[in-house]
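Chemist: the following comprises the amino acid sequence and a computationally predicted model.
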Amino acid sequence: MSYKEALDFLFTSLPMYQRQGKAAYKSNLDNTHRLDHAFGHPHQSYPTIHVAGTNGKGSVSHMIASVLQASGMKTGLYTSPHLLDFRERIRVNGTSIPEDEVTRFVSGNKEIIGEIQPSFFEMTVAMAFDYFAREQVDVAIIETGMGGRLDSTNIISPILSVITNISLDHTEFLGSDPTSIAREKGGIIKEGVPLIIGRAEAPTEAVLRSIARERNAPVICASQIYKPRFRTLNSDGSMLLRIGKSINPSLKTINSDLTGEYQQENIITALTALEHLQKLDWKINESHIREGFATVIASTGIMGRWQTIGHNPRSICDTAHNVDGIAAVIRQIKEIPWQRLHMVWGMVDDKDLDMILPLLPEEASYYFTRSSVPRSMDSKVLAKRSREFGLKGFPFPNVDEAYRAAQKEAGVDDMIFTGGSTFVVADLLVMKF
């Protein structure tokens with residue numbers, strides 16, 4: 001079996017939420033436990049840190065991994081979805097799982113797959129846990145897929161749980177209000193395991209604290225410890241962030257190669273988690289923290305977070321795809337000087353347009369598009385609905401044509417932003433790289 005054949009098997013034989021939506025969703029952990037038993041509970045052979053949340057969980061996971069790598073620890077990192085290559089989901093010290101390891105796992109376990117019939121995500125989690133064990137990692141950072149309580153990653157017994165924030169997304173599965181979603185995300189809280197909450201907001205904080213009390217889990221709220229005081233860009237384009245504790249007038253400086261405005265919150269969340277590990281006598285010093293935050297992209301390979309892909313005109317893409325994330329991205333777009341704004345925009349078909357479209361700037365020119373995944377919303381439908389909110393533009397059949405049309409129309413002092421869906425950004429990056 002070749003690597004391509006292994007991928008074809010994973011993508012076509014196993015239900016995949018990113019492509020099929022609800023049909024691929026499993027409302028229990030039965031298959032995950034069966035797979036875990038079949039592979040000998042590999043996640044029990046190394047310490048794990050579990051990261052959930054509506055937004056920022058991927059960035060926080062990569063930040064923590066980068067700092068732990070800088071400290072000399074062999075660090076596993078499991079995230080989803082991927083943008084360019086399936087192997088991005090499973091990394092050790094920033095290096096993706098080799099193609100032959102994917103092939104070996106798939107070809108060697110067809111009998112188990114046929115017997116259990118897992119989803120794509122369930123199989124991928126099992127592959128990651130198995131690979132980390134065989135690589136003998138010192139620690140693994142495990143990002144949840146969707147939710148927490150019923151997420152396939154939720155069989156681990158972590159040394160630390162992190163919930164970045166709670167807002168509306170995947171309401172069909174997680175609940176239609178923040179407290180319901182908080183209960184699902186809070187499902188990762190384990191007995192006696194400390195919990196880091198990134199953004200503490202009522203009423204979701206109360207829900208998470210209630211679950212934590214029931215499970216004797218200490219709670220630390222990052223946003224109640226650190227506040228961002230000052231943000232600017234360094235001469236090399238990286239972000240300089242000054243943060244301070246409310247009880248201490250001194251400021252801490254963090255330089256980060258992730259420059260999205262919203263990364264301030266993620267940096268504070270990751271830093272709070274790392275400082276807790278320091279209290280557990282993990283050998284993490286201030287130089288590791290400085291180096292790790294400054295080199296997240298280089299150390300871990302993260303993509304699609306306020307990523308610059310071109311100049312003159314400035315061209316940015318971002319994977320934000322729900323109300324909270326898109327609102328943060330639009331705030332940063334409005335901070336930047338441009339003569340005209342061009343928005344290459346596509347969404348998946350389960351998003352609430354009545355909540356998202358009012359957030360988008362009316363002054364922009366829109367190039368409505370659809371990504372290559374089946375769940376992508378038809379660009380003509382999106383263009384029609386967008387006109388109801390005063391957004392003007394034309395539909396395009398794919399991201400390539402939409403982006404090239406924006407490039408043709410944009411002047412050197414303009415800005416092109418591509419987003420609305422992780423999969424739109426993925427298609428763009430495939431085209432660019």
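Modeler: In hand now; what should we look at? Everything quoted here is computed from the prediction, not taken from an experiment. Residues are numbered from 1 along each chain as shown.

Chemist: so which bits of stretch 211-218 are buried?
Modeler: Judged by neighbour count using 16 or more other Cβ atoms under 10 Å, the buried positions of stretch 211-218 are 211-212, 217. C-beta coordinates here come from the backbone N, C-alpha and C atoms, glycine included.

Chemist: which other residues reach it?
Modeler: The list of residues contacting stretch 211-218 from outside it, by Cβ atoms under 8 Å, 6 or more residues apart in numbering, reads 161, 183, 186-187, 189-195, 219.

Chemist: what mean pLDDT does that stretch get?
Modeler: In this model, stretch 211-218 has an average pLDDT of 98.

Chemist: just the C-alpha atoms of it, please, in CSV.
Modeler: Taking C-alpha atoms only, stretch 211-218 is exported to CSV below (Å, rounded to 0.1, in the frame of the first residue of the first chain):
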residue,chain,number,x,y,z
ILE,A,211,-17.9,20.8,37.1
ALA,A,212,-14.5,21.3,38.5
ARG,A,213,-15.8,21.4,42.1
GLU,A,214,-17.6,18.1,41.5
ARG,A,215,-14.3,16.6,40.3
ASN,A,216,-12.0,18.2,42.9
ALA,A,217,-10.1,20.0,40.1
PRO,A,218,-8.3,23.2,41.0
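
Chemist: can you give me how far that stretch is from the chain middle?
Modeler: Using Cα atoms, centre = their mean, to the nearest Å, the distance from the centre of stretch 211-218 to the centre of the chain it belongs to is 26 Å.

Chemist: ok, stretch 339-354 next?
Modeler: Chain-centre distance of stretch 339-354: 19 Å, with Cα atoms, centre = their mean.

Chemist: okay, how far is it across it, tip to tip?
Modeler: From the first residue to the last, stretch 339-354 extends over 28 Å; the measure is Cα to Cα, to the nearest Å.

Chemist: so which bits of that stretch are buried?
Modeler: Neighbour-count burial for stretch 339-354, counted by 16+ other Cβ under 10 Å, picks out 341-348, 351, 353.

Chemist: now tabulate those residues in JSON lines and tack on distance to residue 122 and secondary structure.
Modeler: Shown next, in JSON lines, are these (distance: Cβ to Cβ, whole Å; DSSP: H, G, I helix; E, B strand; the rest coil):
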{"residue": "341", "distance to residue 122": "41", "secondary structure": "strand"}
{"residue": "342", "distance to residue 122": "40", "secondary structure": "strand"}
{"residue": "343", "distance to residue 122": "36", "secondary structure": "strand"}
{"residue": "344", "distance to residue 122": "33", "secondary structure": "strand"}
{"residue": "345", "distance to residue 122": "32", "secondary structure": "strand"}
{"residue": "346", "distance to residue 122": "28", "secondary structure": "coil"}
{"residue": "347", "distance to residue 122": "26", "secondary structure": "coil"}
{"residue": "348", "distance to residue 122": "21", "secondary structure": "strand"}
{"residue": "351", "distance to residue 122": "25", "secondary structure": "coil"}
{"residue": "353", "distance to residue 122": "31", "secondary structure": "helix"}
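
Chemist: helix or strand right after the worst-scoring helix or strand of the chain on mean pLDDT?
Modeler: Among the helical and strand segments of the chain, the one scoring lowest on mean pLDDT, DSSP states H and E is helix 17-20, with a mean of 48. For helix 17-20, the following helix or strand on the C-terminal side (DSSP states H and E) is helix 30-38.

Chemist: contact partners of whatever helix or strand comes next after that following helix?
Modeler: Tracing the chain C-terminally past helix 30-38 and defining elements by DSSP H and E, one meets strand 48-52 next. Contacting residues not belonging to strand 48-52 are listed as 57, 60-61, 64, 139-144, 147-148, 151, 153-154, 156-164, 185, 188, 273 [Cβ under 8 Å, 6+ apart].

Chemist: distance from the chain centre to strand 48-52, please.
Modeler: With Cα atoms, centre = their mean as the basis, strand 48-52 stands 12 Å off its chain's centre.

Chemist: partner strands of that strand, parallel or antiparallel?
Modeler: According to DSSP bridges, the neighbouring strands of strand 48-52, each with its direction, are strand 139-143 (parallel), strand 160-163 (parallel).

Chemist: dump the residue contacts of residue 138.
Modeler: 46-47, 68, 73-75.

Chemist: before we move on, the earlier item: closest to residue 394 out of the buried residues of stretch 211-218?
Modeler: Distance to residue 394, by Cβ to Cβ, is smallest for residue 211 among the buried residues of stretch 211-218, at 47.6 Å.

Chemist: look up phi and psi at the closest one.
Modeler: Residue 211 adopts backbone torsions of phi -60, psi -40, taken as degrees, to the nearest 10.

Chemist: gap between it and residue 185?
Modeler: Applying Cβ to Cβ, to the nearest Å, the value for residue 211 to residue 185 is 10 Å.

Chemist: for residue 383, same thing?
Modeler: In this structure, residue 383 and residue 185 are separated by 34 Å, where distance is defined by Cβ to Cβ.

Chemist: quick one: which of the two has more around it?
Modeler: Here residue 383 and residue 185 are compared on neighbour count by other Cβ atoms under 10 Å; more neighbours surround residue 185, at 30 against 20.

Chemist: low-confidence stretches in the protein?
Modeler: For the chain, residues meeting the criterion pLDDT under 70 lie at 16-26, 168-176.

Chemist: got the contact list for the residue positioned nearest the centre of it?
Modeler: Per Cα atoms, centre = their mean, the C-alpha nearest to the average position across the chain is that of residue 58, at 3.0 Å. Under the criterion of Cβ under 8 Å, 6+ apart, the neighbours of residue 58 are 79, 143, 302, 305.

Chemist: do residue 79 as well
Modeler: Shown in contact with residue 79 (Cβ under 8 Å, 6+ apart): 58, 61-62, 88-89, 143.

Chemist: dump those residues into a markdown table; add secondary structure and distance to residue 178 as well.
Modeler: Formatted as a markdown table, those follow (DSSP: H, G, I helix; E, B strand; the rest coil; distance: Cβ to Cβ, whole Å):
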| residue | secondary structure | distance to residue 178 |
| --- | --- | --- |
| 58 | helix | 20 |
| 61 | helix | 22 |
| 62 | helix | 25 |
| 88 | helix | 30 |
| 89 | helix | 28 |
| 143 | strand | 21 |
